[in-house]
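Asker: A structural model of the following input is requested.
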Amino acid sequence: MSPYPHNLTMDYKEEQEQELEVLESIYPDELEVLSGEYPNIKFSVLLKLELNDTAMHDNELLVSLNKVHLLEVTFQFPENYPDMAPIVTITPFEQPLHGGDSDEDSDEEEEEEEEQEYDEHGNKVLSKLENLPDQISFREYIPELLKTIQTQIDEDMLLGMQMCFALLATVKESGENWFVAQLDELDRQHQQEIERREAQEQKKFNGTKVTQESYLEWRARFRTEMGIDERDRLRREAAHHGRLTGKQMFEQGVAGTTDDADADAEDASASASATDVESVTKDLKNTGI
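Answerer: Residues are numbered from 1 along each chain as shown. Reported below is the predicted structural model:
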């Protein structure tokens, strides 16, 4: 509802031209008139966000910012503005902080993305992620910012008043606060990622704690998988030419084990005695006795 009495009619043309003139004096370099003829007055204001001022924003990471963030706010007045809200659009822009062409800078960013290094686990190398401020883009924030403007118009009851300056101040302040909040969140996520990778690397050195039970279980499984026990059995059988060892015979209760062993011993003794007699006889012949 218009604040003007019914017997008075607002001169919309005069109101709009007067507001445009005031804004041109406030933003002499930032404002561009796209159409100055009523009822199609349209203009844009290019706002530079003050983001690298750590005295204004409590975040030391802002000093590493390599970009200038700009928000171009375009106003189009309806015929009965300010009794009706202006049509507002916001377009974000980025420029290199230390000169250069923004298009070239975008090409460099694309090349940097292509050159992104990854570790053996497929994770991005953290050194490439250190400049957190340059990862933030205002494109995702624009819809929310437009809602903020509409909320301000409704809650502050700006209809019927010249409101563009107040809306521009809100855009600048909200944009700067949003950027710092995003940077804080990125920093938090970055620190969590560092801690996660450090813990992952530490696991390589810590390993799994070994107990007697886990070792015996692993040893049995390993010997079975590698066939070690089977190979040992085959070696023992080959060493005894397929005959049972004394231990095996004892364990299996084979009958006659002791007798067979004694018989073997007697045969060996007799063989040795015969050999000794033969040797002595040969020596006597050689000496001619």
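Asker: Report the buried residues of stretch 10-24.
Answerer: Buried residues in stretch 10-24, defined by neighbour count with 16 or more other CB atoms under 10 Å: 12, 15-17, 19-20, 23-24. Where you see a C-beta, it was placed from the backbone N, CA and C, and this is true even at glycine.
Asker: Would you mind checking which of the residues you listed is nearest to residue 137?
Answerer: residue 23 (27.6 Å; CB to CB).
Asker: that older thread, dump the buried residues of stretch 10-24 to JSON lines, plus distance to residue 215, secondary structure and pLDDT.
Answerer: JSON lines is the format used below for the buried residues of stretch 10-24 (distance: CB to CB, whole Å; DSSP: H, G, I helix; E, B strand; the rest coil; pLDDT from 0 to 100):
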{"residue": "12", "distance to residue 215": "89", "secondary structure": "helix", "pLDDT": "97"}
{"residue": "15", "distance to residue 215": "88", "secondary structure": "helix", "pLDDT": "96"}
{"residue": "16", "distance to residue 215": "86", "secondary structure": "helix", "pLDDT": "97"}
{"residue": "17", "distance to residue 215": "90", "secondary structure": "helix", "pLDDT": "97"}
{"residue": "19", "distance to residue 215": "84", "secondary structure": "helix", "pLDDT": "98"}
{"residue": "20", "distance to residue 215": "85", "secondary structure": "helix", "pLDDT": "98"}
{"residue": "23", "distance to residue 215": "80", "secondary structure": "helix", "pLDDT": "98"}
{"residue": "24", "distance to residue 215": "84", "secondary structure": "helix", "pLDDT": "98"}
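Asker: what would those residues look like in JSON lines with distance to residue 203?
Answerer: Supplementary listing: these in JSON lines, determined by distance: CB to CB, whole Å:
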{"residue": "12", "distance to residue 203": "71"}
{"residue": "15", "distance to residue 203": "69"}
{"residue": "16", "distance to residue 203": "67"}
{"residue": "17", "distance to residue 203": "71"}
{"residue": "19", "distance to residue 203": "65"}
{"residue": "20", "distance to residue 203": "65"}
{"residue": "23", "distance to residue 203": "61"}
{"residue": "24", "distance to residue 203": "64"}
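Asker: Tell me which residues touch residue 196, please.
Answerer: Under the criterion of CB atoms under 8 Å, 6 or more residues apart in numbering, residue 196 has no neighbours.
Asker: what about it, which helix or strand?
Answerer: Using DSSP states H and E, residue 196 falls within helix 164-206.
Asker: continuing past that helix, what's the next helix or strand?
Answerer: helix 212-226.
Asker: Next SSE downstream of that following helix?
Answerer: helix 228-239.
Asker: what comes up buried for that following helix?
Answerer: Of the residues in helix 228-239, none is buried (16+ other CB under 10 Å).
Asker: Correct me if wrong: residue 24 contacts residue 31.
Answerer: Yes. Here residue 24 reaches residue 31: they are 5.5 Å apart, a contact under CB atoms under 8 Å.
Asker: which residue ranges form the strands in this structure?
Answerer: For the chain, the strands defined by DSSP state E occupy 31-35, 42-48, 67-76, 87-96.
Asker: Also compute the angle for the shortest one relative to strand 42-48, please.
Answerer: Interaxial angle, strand 31-35 versus strand 42-48 (axes from the mean of the first three to the mean of the last three CA atoms, to 10 degrees): 160 degrees.
Asker: do the same with the last one
Answerer: With the same axes, to 10 degrees as the basis, strand 87-96 and strand 42-48 are set at 40 degrees to each other.
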